[in-house]
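Q: any chance you can model this:
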Amino acid sequence: TGDTATAFQRIKDFHQVIIQDLFGEQCSEINLQVNQLYDNLQQILDSEPSLSYDYEYDRIICFGELLSTTIIAAYLERQGRKVKFTDIRKCLITDQNYRNAGVNLELSAQLCRKTFTFQNTFMYITQGFIAGTVTNQTTTLGREGSDYTAALLANLLDADDVTIWKDVPG
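A: Here you go, the predicted structure:
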C-alpha cells in the first residue's frame, strides 16, 4: 500500500498544481469537487478488491477522465462560459464486458437525447473512454475509446459532424 499511497499522492499533487494555476486563491469550490472524487477513489483503493482485474481496472481508471473534466468544466464556468458538466456514465450504457464494453445503442440514444438537449447551455463537458452499466458500474470502451465516444455521441445526437483533435502522432 505504500507504493499505492505514494502514487495517489503524486496524482493529487499534479492536479493541485493545475487547479492552483487555473484558479489561484479562489480554488475552494473546485477543491471540494476534486476532493470528493479523491475520497471516492480512496474508498475503492481501501476496499477488498474483487477477483476480476478488468472490473477493478475500470473502477479506478475512470478517475483520470472525471478529474480532468471536473476541473475544465469549473474553469470554463468561472470564465463566464455557459457549460454543463455531464457524467457520461449516466448516459452511455454498456454491457459488463469490462475494459472493452459493448454499448447498448438504443438505451444510450434515449438517455443521451434526454441529457444533451442544449437548452440553457451552449456546451457540455463530458468524458470519453468511460461509460456505465444499468447497475451503475463503470466500464471502459477499450482502445481508442475516447474517439469512439465522440463518434457515438455524434451519431446518437444526429450531429452534422464530429472533429477529433489528437495530441499524439497518427
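Q: where does the protein dip in pLDDT?
A: 1-2, 169-170 (pLDDT under 70).
Q: stretch 145-157: which residues count as buried?
A: Neighbour-count burial for stretch 145-157, with 16 or more other C-beta atoms under 10 Å as criterion, is recorded at Gly145, Tyr148, Thr149, Leu152, Leu153, Leu156. Using the backbone N, CA and C atoms, a C-beta is placed for each residue, glycine as well.
Q: let me fix that: stretch 125-143
A: Those buried within stretch 125-143 under the rule 16+ other C-beta under 10 Å are 125-133, 137-141.
Q: out of those residues, who's nearest Ile164?
A: Closest approach between those and Ile164, by C-beta to C-beta: Gly128, at 9.6 Å.
Q: ok, Ile93 to Leu105 distance?
A: 9 Å (C-beta to C-beta, to the nearest Å).
Q: neighbour-wise, which of the two wins?
A: Ranked by neighbour count (other C-beta atoms under 10 Å), Ile93 and Leu105 place Ile93 first, with 23 against 13.
Q: for that one, give me its contacts.
A: Val103, Asn104, Leu107, Ser108, Leu111, Ala131, Gly132, Thr133, Val134 (C-beta atoms under 8 Å, 6 or more residues apart in numbering).
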